[in-house]
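In: predicted structure and sequence below. I'll ask about it afterward.
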Amino acid sequence: APSLGGDWTRHSMTVAFNIVTYTGYGLLLAALISFAALKGITTSARQGLIWGLCGFIAVQLAPAIGLPPELPGTIAAEVGQRQLWWISTILASATGLGLIAFGRSYLPLAGVILIAIPQLLGAPHLDMFFGVAPPELAAEFATLSLGAAAAGWVMLGYVVAATLTRLET
């Protein structure tokens, strides 16, 4: 049986890595919101919620359509191929959302197509499924992972936009 100290160490490391990750996400959001401001698009704290939601869609939800969050230790396709598909999906989704939100003429349609391309190509998967955990546990893990990410991104969008708004005044 694992010791209680080991569990706390693992949980502390998870919290630390999440802080570092969301700090990076926050800096990216701040850069994008600041770039939009240079183009004359102002963002209130409430509008930051939408920026955060779009970050969640681009970075978590769109990739999860093809590669849902997996339990640790799950057998999966080669990691390099999955990472390439994952980052390509993020870039296509973020660019597509930007075209939908800020594009004129046919650019929003191009954004929809860009978001769809990685999904149509499909993520790399094994030919067979292997499972060491009950499917219900895997589903719960994916649901909790995406739910926590959604809450984190939305709050992050709000905090970043509110901070930038205060810095402007």
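Out: Received the coordinates, thanks.

In: and the nearest residue to Ile113 once chain neighbours are set aside, what does it touch?
Out: Closest residue in space to Ile113, ignoring its immediate chain neighbours: Gly96 at 7.7 Å, by CB to CB, 6 or more residues apart in numbering. For the C-beta atoms, the positions are set from N, CA and C on the backbone; glycine is no exception. Under the criterion of CB atoms under 8 Å, 6 or more residues apart in numbering, the contact partners of Gly96 comprise Ala110, Gly111, Val112, Ile113, Leu114, Ile115.

In: and the residues you listed, which are buried?
Out: Buried residues within the contacts of Gly96, counting neighbours by 16 or more other CB atoms under 10 Å: Gly111, Leu114, Ile115.

In: right, and Thr43 touches Thr163 too?
Out: No: in this structure, Thr43 is not within contact of Thr163 by CB atoms under 8 Å, at 11.1 Å.

In: settle it for me: which of the two has more neighbours?
Out: Thr43 (21 against 15; other CB atoms under 10 Å).
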